[in-house]
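Trainee: Turn this into a structure:
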Amino acid sequence: MTKTAYVEIHLPALRRNYALAKTLAGTARVWAVLKSDAYGHGLTRVALALPDADGFALIQPDDAVTLRHAGIGAPILLLEGALEEGDVDTAVQHRLELVLRSEHQLQWLLKKAQPVTAWVKVNTGMNRFGFNPERALAVVRQLQATPFCRVAGLMTHFACADQLGTPLDEPWRRFMQVVDATGLPFTAANSAALLRETCTHGAVARVGGLLYNNNPFYPDTRLWPAAAEPVMRFAARIVHVGMLQAGESIGYGAAFTARHDMRIGIVGAGYGDGYPRAAPSGTPVQVNGQRAALLGRVAMNVLAIDLSALPEVQIGDEVTLWGAPGLSCDEIAWRCGTISEELQCALTSRVPIRQIVADATVSAIPDEQTAPAQCLAHL
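Mentor: Below is the predicted model:
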């Protein structure tokens, strides 16, 4: 069956982005973050494309087991730890490392008394999970006194690392209270912190956004490395070309009215494929390397674009919706008032994936739907 919308996943770009993260991280190991199906890029696909990765981090224990069954032997960290008591057994069986973030998880570990590797999470202001610094120190001491638990280190997740106007000094001070008291290795840096503060790199940097070319600071690009490349390209075909007369409207709600005669194209992708309905008129797409503007509301299966300046474009021509040089997913997300991760995760199962395995090759997969800133003061 013909599909007018499709996604390309560029694995060479993914590998180069990982290598870039390794360079930026210095001596820290880099664990690729694969939560939410690797941000919509495909859990197993991404993991297998990074055979030299230092490790991986994700949420769901079942996903970690899937990777083990696929032959992934690198360390895997469960970012939210055991979601239920039985996950402790799963972690032991499949050599998974656990984040320890709550009292009930602590009780599960003590009750099971099995050989586990844990990272104790310190709450530095996100206020979802983790122990306050004083309690975290006590938990570390308690686990170190057991014969079965190896405390690999300390972990935190900054609430505002992606907000350049918000200093990290206070959360860093809270975290370093525990680091200094225990002398343990730590993992604190996500992509935003990796780019902002060299001292947050620690023993392990957890990199997601940079891996998939998602700039956490967009539209600010000052800290974003120019070498980062798009990995996901979302594209569709033009299914109709027509004219819109001055004064005529197009689409649901007559949300766009032409001020002059316009040549328009109807593109075979909509919110049923995962393109955001929130995208306003004027949101850019790319046709034959040139920009064109979205017109009116995005429908379930189609969207309209302005072809007035592109008279050569015809039915069947390809339209890049995001992921080409000069048309980032970040820009489309910003136009919609959201972040690129949401758009990538929202792609629906009906969109086929074309896997680019080398810089000049494409493999269709019909069955799958699928320069650092100044360091913080050591406070």
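Trainee: List the buried residues of the longest strand seen in the chain.
Mentor: Longest strand in the chain, counting residues (DSSP state E): strand 232-244. Counting neighbours by 16 or more other C-beta atoms under 10 Å, one finds that the buried residues in strand 232-244 are Met232, Arg233, Phe234, Ala235, Ala236, Arg237, Ile238, Val241, Leu244. For the C-beta atoms, the positions are set from N, CA and C on the backbone; glycine is no exception.
Trainee: Repeat that for stretch 260-275.
Mentor: 262-275.
Trainee: just those now: which is nearest Thr66?
Mentor: Using C-beta to C-beta, Gly274 comes nearest to Thr66 of the buried residues of stretch 260-275, at 22.5 Å.
Trainee: picking that back up, looking at the buried residues of strand 232-244, which is nearest Val351?
Mentor: Phe234 (7.8 Å).
Trainee: so how far is Thr146 from the nearest residue to that closest one once chain neighbours are set aside?
Mentor: Among residues not flanking Phe234 along the chain, Leu321 sits closest, at 4.5 Å (C-beta to C-beta, 6 or more residues apart in numbering). Separation of Leu321 from Thr146 (C-beta to C-beta, to the nearest Å) stands at 52 Å.
Trainee: Ok, Asp54 next?
Mentor: Taking C-beta to C-beta, one finds Asp54 at 27 Å from Thr146.
Trainee: same deal with Glu97?
Mentor: 16 Å.
Trainee: of the two, who's got more company?
Mentor: Glu97 (22 against 13; other C-beta atoms under 10 Å).
Trainee: What pLDDT does the model give the more buried one?
Mentor: Glu97 carries a pLDDT value of 99.
Trainee: same question, the one 5 residues further on
Mentor: Taken from the predicted model, the pLDDT recorded for Ser102 is 98.
Trainee: ok, now His378?
Mentor: 30.
Trainee: cool, and Ala64?
Mentor: For Ala64, the predicted pLDDT is 99.
Trainee: contacting residues around it?
Mentor: Shown in contact with Ala64 (C-beta atoms under 8 Å, 6 or more residues apart in numbering): Leu58, Ile76, Leu78, Thr90, His94, Leu96.
Trainee: Neighbours of the nearest residue to Asn123 once chain neighbours are set aside, how many?
Mentor: With sequence-adjacent residues excluded and distances taken as C-beta to C-beta, 6+ apart, Asn123 is closest to Gly130, at 3.4 Å. Neighbours of Gly130 under the rule other C-beta under 10 Å: 24.
Trainee: So Gly130 sits against Leu100, correct?
Mentor: No. Using C-beta atoms under 8 Å, Gly130 is not in contact with Leu100; the gap is 9.1 Å.
Trainee: intersection of neighbour lists for the two?
Mentor: Joint contacts of Gly130 and Leu100 (C-beta under 8 Å, 6+ apart) are Lys121.
Trainee: which among the contacts of Ala64 end up buried?
Mentor: Buried subset of those (neighbour count, 16+ other C-beta under 10 Å): Leu58, Ile76, Leu78, Thr90, Leu96.
Trainee: tell me which residues form a beta bridge with the second one?
Mentor: In this case it means Ile76. Counting by DSSP bridges, Ile76 is bridged to Phe56, Leu96.
Trainee: That one contacts Leu98, correct?
Mentor: No. Ile76 lies out of contact with Leu98 (C-beta under 8 Å); the separation is 10.2 Å.
Trainee: can you pull the buried residues of stretch 173-189?
Mentor: 174-179, 182, 184-189.
Trainee: Actually, stretch 18-31.
Mentor: Those would be Tyr18, Leu20, Ala21, Lys22, Leu24, Ala25, Ala28, Arg29, Val30, Trp31, for stretch 18-31 by 16+ other C-beta under 10 Å.
Trainee: mind checking the end-to-end distance for that stretch?
Mentor: 9 Å (C-alpha to C-alpha, to the nearest Å).
Trainee: Show me how the protein divides into domains.
Mentor: 11-207, 232-327 (automatic domain parsing).
Trainee: just the helices in the stretch 151-300 of the chain please.
Mentor: Here the stretch 151-300 of the chain has its helices, by DSSP state H, counting those that start in this stretch, at 169-182, 191-196.
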